[in-house]
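Student: Below: sequence and its predicted model.
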Amino acid sequence: MISVRYHRGLELPEHGLWLDPEDPRPFAFVSHAHADHIARHPEFIASAGTARLMQARLGGERQGHILEFGQPASFRDFQITLLPAGHIFGSAQSLIESEHGSLLYTGDFKLRRGLSAEPTEWRHAETLIMETTYGLPKYRLPPTEAVMARMVAFCQESLEDGAVPVLLGYSLGKAQEILCAILKAGLTPMLHGAVYQMTEIYRQLKPDFPDGYERYSAGKVEGKVLICPPSANRTIMLTRIKNRRVAVLTGWALDPGATYRYQCDAAFPLSDHADYTDLVRYVDLVQPKRVLTLHGFAAAFAADLRERGFDAWALSEENQLELLLRRAPSTPQPERPAAPVAAMPQSEFGAFATLGDQIANSTSKLKKIALLADYLRSLNETQLPIAARFLTGRAFAQSDMRTLQVGWAVIKRAVMAAGGLAEQEFRAISRQYADAGKATYEALLERTTPRDFSLVDALALFDQLHAARGPLVKGELLQQRLAALTPLEASYLVKILTGDLRIGLKSGLVEEAIAAAFQADLHTVREAQMFTGDLGEVAALASKNQLEEASLHLFRPIQVMLASPEPTAQAVWSRIAAHDAPAAWTEDKFDGIRAQIHLGSGRAEIFTRDLRQITGQFADLARAARSYPGEAILDGEILAYEQGRRLTFFDLQKRLGRKTEDDLFLGANDIPVVFKAFDLLYLNGTSLLKRPLAERRLALESLTLPPGLEVAPIHRVASAEEIEAAFQAARARGNEGLMIKDGASFYTPGRRGQAWLKFKKELATLDVVVVGAEQGHGKRSHVLSDYTFAVRDEVSGHLLTIGKAYSGLTDEEIEELTEHFTATTIARHGRYREVVPEIVLEIAFDSIQPSDRHASGLAMRFPRIKAIRRDKTPEQIDTIAHARRLVATEMVSH
DNA sequence: GCTGATGCGTC
DNA sequence: GTCGGAC
DNA sequence: GTCCGACGACGCATCAGC
């Protein structure tokens, strides 16, 4: 076998020949003309193309042996044959044959066909020395055409936005390949000086190389695609182009976070090196007795090959000895030292975040519960409730009225500042990741100096954020903390801030884990959760075996019982019949705010369905309620109410949002309200939750309620027809629809069961045309799922927007429409795309009212897409006048 | 003092 | 509030 | 069947910037 030594290049000591040495050597083979491979060797062997490019780059006089591909040449005691390597124009492999054996050195190579390099050839050899830049299985490049298509789309979108697309690729080889693709797509390229120079040489060497490009000139770059070497990124030349969108083309684009590593907006995986698949394939083609690997993941790939039965070793200074002594294989050492492991032990919050990731990474429900239970058990009394709350994506307990007032805008600014990222870089990262947590992780990777952070610290931070006034102050606080966290910790902090952990953890699973961790009965845990509305407290109680303490208490709100929707009277009746019930109760479905009123000892508190206290906003109601002599918990609805004037839900909302406490007397503009009670959960020390509705109703009707609190009337129905009649009567009374309840049912807090049904009908439908589309969020971030639509002004003929919707379409339909709207985009305004108005939708809604949100001056309540009307053209959509008539009919019908 | 952006909570 | 989809 | 995520309009509060 031919001996090989490695020191800043390969040496074949028996033959006095160097292969691609980094420093000048007396006699060397130069595989290709990239700057890191060429040096001023007095005597060298190269292909004609490489020699020509070398001359252009280095100048000067040297003794060059220029060999034709496939033609063997003899030197001293060896014979050498050059073979095309497919890396760039002129790149060559060398096959060396002598009395010691045969050796094939690939240099940089790839197997896929490029636009500029000669197609790769190979020969059998005893020893194969190969470059293994992408020697890990995760580096599998997508087909070139697909990458090029994405790159072209990136350019087109940038141009549509009025931005200058900038593509980064090596000036020799890749830049020319990019150039060809850009020309083919009909776009106008402009070349950075270095790229221009190389391309000119290319054209001399390859007469068929396309024309139609020009050298960069600052004033003329608008509307063109600029191609630059990677080194040009962040240079003054580029930063002067204000509205630029930069994409890098490199195999490393397969790494997550590539955009931020390269500080650009996009990264596309295109490489002049063989990817993992081709590396393996090449070894199979050459069938060597021994493989020596070089560059990139050399050690990992060698180990991989050994597992495939090859005698394979990484060539580097370190395992030189191992190689020469031919010792038995030990565990492969990684080529790149692993990222320095923090000497600091993991913080408490870090452990929480790690657990989150473990849960996210396991698909088995049982495993998630087991992981979670172990974790919960490991916590002390202080940590437990905090962690349990965080696990549900909340900073505070549900019953805690505090809010952070920290949304995506504040988080974004804080993350950018903490990581020292520019708006553009951050946008590029966050665009890739649907969820804020992941984007934060990528944005902060290797950009923070972590300090210890406990669960209590995290809670304290949330307290501070709540207390801080104004988004700027909050952002500042958050930024300082983020800068002192590990990226993983930061991502979980952000996940909690956005209220969304996204690790496949439902609150139900946390309940199961609590039960498992403390050997508690799952049902008891669930019940405790309904009573307390705070998993933190439930966990704490469970750990102390005191779950029974969570029960119905006066002035502690419990979750409300919910109803399932049914579309028709017949559907409602089928449900009832399925329960073998001879009849059911009906109530009007009021269009107000669900409320739970606790009364007792001269005190009254009002809570929303989210267990928020709103006593202050409805002080007039509370004041009246206080006069009730006994103890009771009422479930019902607060309604805007005024004799002789129709008040709407929107009137009611005016009071809801208000922060200031109601004054002793109603202000002149205040909306008067009444409370319609429809259930009684507790009476004079006794919980009625586990009594049938019929009994609860009887008790409710026996109460003498103070003025302002009324009992909602009920009726009995025993057929679909009676249900329909009751519905019509409810509508005639100005109510939204009908509630239908099983008289035998218990009150199940927080559940949406079949015991309570709700029956509403859409008001009407409108045929509209889609004029705009937007990207969705989360799971829908890769589709255009958000459609703005319009009706026609029959006078001017203009389209006037009237609403937005996505709800009602299947995933498949959304995908279809995404494709359609991508193709028919007229203009882009940020996220919003104006599209050709041709898709007609039928939109259903519950009501329609004047609004200045949309150009039509109308807006719908609960709009949903009922159908895509492919049978209709935009000329056939409804008119604004028709829509206005619907507003009118609704007004008079009540 | 007004306006627009943002956050939150109601349906 | 609405809806479709996953389990 | 039940839960969950991704969505609608609206109103108020708060703050930043004019």
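Tutor: Here it is on my side, so go on.
Student: Only C-alpha atoms from now on, for both contacts and neighbour counts.
Tutor: OK.
Student: check contacts around the residue nearest to A:T879 when sequence neighbours are not counted.
Tutor: Counting by CA to CA, 6 or more residues apart in numbering, the nearest residue to A:T879 once its immediate chain neighbours are dropped is A:R792, at 4.6 Å. Applying CA atoms under 8 Å, 6 or more residues apart in numbering, we find A:R792 in contact with A:H798, A:L799, A:L800, A:I877, A:D878, A:T879, A:I880.
Student: Over to A:P288?
Tutor: A:H124, A:A125, A:E126, A:T127, A:L128.
Student: tell me the secondary structure for the closest residue to A:L404 other than its chain neighbours?
Tutor: Setting aside the residues directly before and after it, A:L404 is nearest to A:H466 in space (CA to CA, 6+ apart), at 4.5 Å. Three-state call for A:H466 (DSSP: H, G, I helix; E, B strand; the rest coil): helix.
Student: Tell me how many other residues crowd A:H466.
Tutor: 16 (other CA atoms under 10 Å).
Student: Helices - which of the contacts of A:R792 land there?
Tutor: Using DSSP state H to define helices, the subset of the contacts of A:R792 located there is A:I880.
Student: quick one: which of the contacts of A:R792 is nearest to DNA strand D?
Tutor: Minimum distance to DNA strand D across the contacts of A:R792 is 12.7 Å, recorded for A:L800 (CA to the nearest atom of the strand).
Student: Correct me if wrong: that closest one contacts A:T788.
Tutor: No. In this structure, A:L800 is not within contact of A:T788 by CA atoms under 8 Å, at 10.3 Å.
Student: Could you chop chain A up by domain?
Tutor: Following automatic domain parsing, one finds the domains of chain A at A:5-139+A:274-314, A:144-268, A:348-498, A:562-755, A:766-893.
Student: Is it possible to get JSON lines of these that adds distance to A:S507 and mean pLDDT?
Tutor: Shown next, in JSON lines, are those (distance: least, CA to CA, whole Å; pLDDT from 0 to 100):
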{"stretch": "domain A:5-139+A:274-314", "distance to A:S507": "34", "mean pLDDT": "87"}
{"stretch": "domain A:144-268", "distance to A:S507": "30", "mean pLDDT": "81"}
{"stretch": "domain A:348-498", "distance to A:S507": "6", "mean pLDDT": "86"}
{"stretch": "domain A:562-755", "distance to A:S507": "12", "mean pLDDT": "90"}
{"stretch": "domain A:766-893", "distance to A:S507": "19", "mean pLDDT": "90"}
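Student: Pipe those into CSV and attach distance to DNA strand B per row.
Tutor: CSV is the format used below for the domains of chain A (distance: least, CA to the nearest atom of the strand, whole Å):
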stretch, distance to DNA strand B
domain A:5-139+A:274-314, 36
domain A:144-268, 18
domain A:348-498, 3
domain A:562-755, 4
domain A:766-893, 7
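Student: Let's have those in JSON lines, adding distance to A:E527.
Tutor: Shown next, in JSON lines, are these (distance: least, CA to CA, whole Å):
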{"stretch": "domain A:5-139+A:274-314", "distance to A:E527": "47"}
{"stretch": "domain A:144-268", "distance to A:E527": "43"}
{"stretch": "domain A:348-498", "distance to A:E527": "15"}
{"stretch": "domain A:562-755", "distance to A:E527": "8"}
{"stretch": "domain A:766-893", "distance to A:E527": "32"}
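Student: which one of the ones you listed lies closest to A:I514?
Tutor: For A:I514, the closest of the domains of chain A is domain A:348-498, at 6.2 Å, according to CA to CA.
Student: The closest one near DNA strand D anywhere?
Tutor: Yes. Using CA under 7 Å from any atom of the strand, domain A:348-498 reaches DNA strand D at A:R469, A:G470, A:P471, A:L472, A:V473.
Student: picking up where we left off before, can I get the buried part of the contacts of A:R792 as one ChimeraX selection?
Tutor: Per 16 or more other CA atoms under 10 Å, the buried members of those correspond to this ChimeraX selection:
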select /A:799,800,877,878,879,880
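Student: Now intersect the contacts of A:R792 with the strands, please.
Tutor: A:L799, A:L800 (DSSP state E).
Student: out of the contacts of A:P288, which one sits closest to DNA strand C?
Tutor: Of all the contacts of A:P288, A:L128 has the smallest distance to DNA strand C: 46.1 Å, by CA to the nearest atom of the strand.
Student: from the stretch 701-850 of chain A, which residue is nearest to DNA strand D?
Tutor: Counting by CA to the nearest atom of the strand, the stretch 701-850 of chain A gets nearest DNA strand D through A:G776, at 2.9 Å.
Student: nope, the stretch 501-650 of chain A is what I meant
Tutor: Here the stretch 501-650 of chain A gets closest to DNA strand D at one residue, A:K506, 3.5 Å apart by CA to the nearest atom of the strand.
Student: roughly how far apart are the closest residue to that residue other than its chain neighbours and A:W408?
Tutor: Nearest residue to A:K506, sequence neighbours excluded (CA to CA, 6+ apart): A:T392, at 7.6 Å. Separation of A:T392 from A:W408 (CA to CA, to the nearest Å): 19 Å.
Student: Number of residues surrounding A:A353?
Tutor: Using other CA under 10 Å, A:A353 is surrounded by 20 other residues.
Student: Nearest residue to A:A185 in space, please, no chain neighbours.
Tutor: Spatial nearest neighbour of A:A185, chain neighbours left out: A:V152 (7.0 Å); criterion: CA to CA, 6+ apart.
Student: helix, strand or coil for that neighbour?
Tutor: Per three-state DSSP, A:V152 ends up helix.
Student: what number of residues lie near it?
Tutor: Look at A:V152: counted by other CA under 10 Å, it has 21 neighbours.
Student: Was I right to think it contacts A:G186?
Tutor: No. Between A:V152 and A:G186 there is no contact under CA under 8 Å: 9.7 Å.
Student: returning to that earlier point: show me the contacts for the residue nearest to A:K506.
Tutor: A:G499, A:D500, A:L501, A:L505, A:K506, A:S507, A:V510, A:L535.
Student: try it again with 10 Å
Tutor: With contact taken as CA atoms under 10 Å, 6 or more residues apart in numbering, A:T392 is in contact with A:398, A:496, A:499-502, A:505-510, A:534-536.
Student: Which ones among the residues you listed lie within helices?
Tutor: Those of those lying in helices (DSSP H): A:I496, A:S507, A:G508, A:L509, A:V510, A:L535, A:G536.
Student: Count the neighbours of the nearest residue to A:R40 once chain neighbours are set aside for me.
Tutor: Here the nearest residue to A:R40 in space, its sequence neighbours aside, is A:P24; by CA to CA, 6+ apart that works out to 5.3 Å. Using other CA under 10 Å, the number of residues around A:P24 comes to 15.
Student: do the same with the one 3 residues further on
Tutor: Residue crowding around A:F27 was assessed by other CA under 10 Å; the count is 19.
Student: Skipping its backbone neighbours, what lies nearest it in space?
Tutor: Closest residue in space to A:F27, ignoring its immediate chain neighbours: A:E43 at 4.9 Å, by CA to CA, 6+ apart.
Student: For the residue nearest to A:T879, list each beta-bridge partner.
Tutor: Under DSSP bridges, the beta-bridge partners of A:R792 are A:L799, A:T879.
Student: I am finished for the moment; much appreciated.
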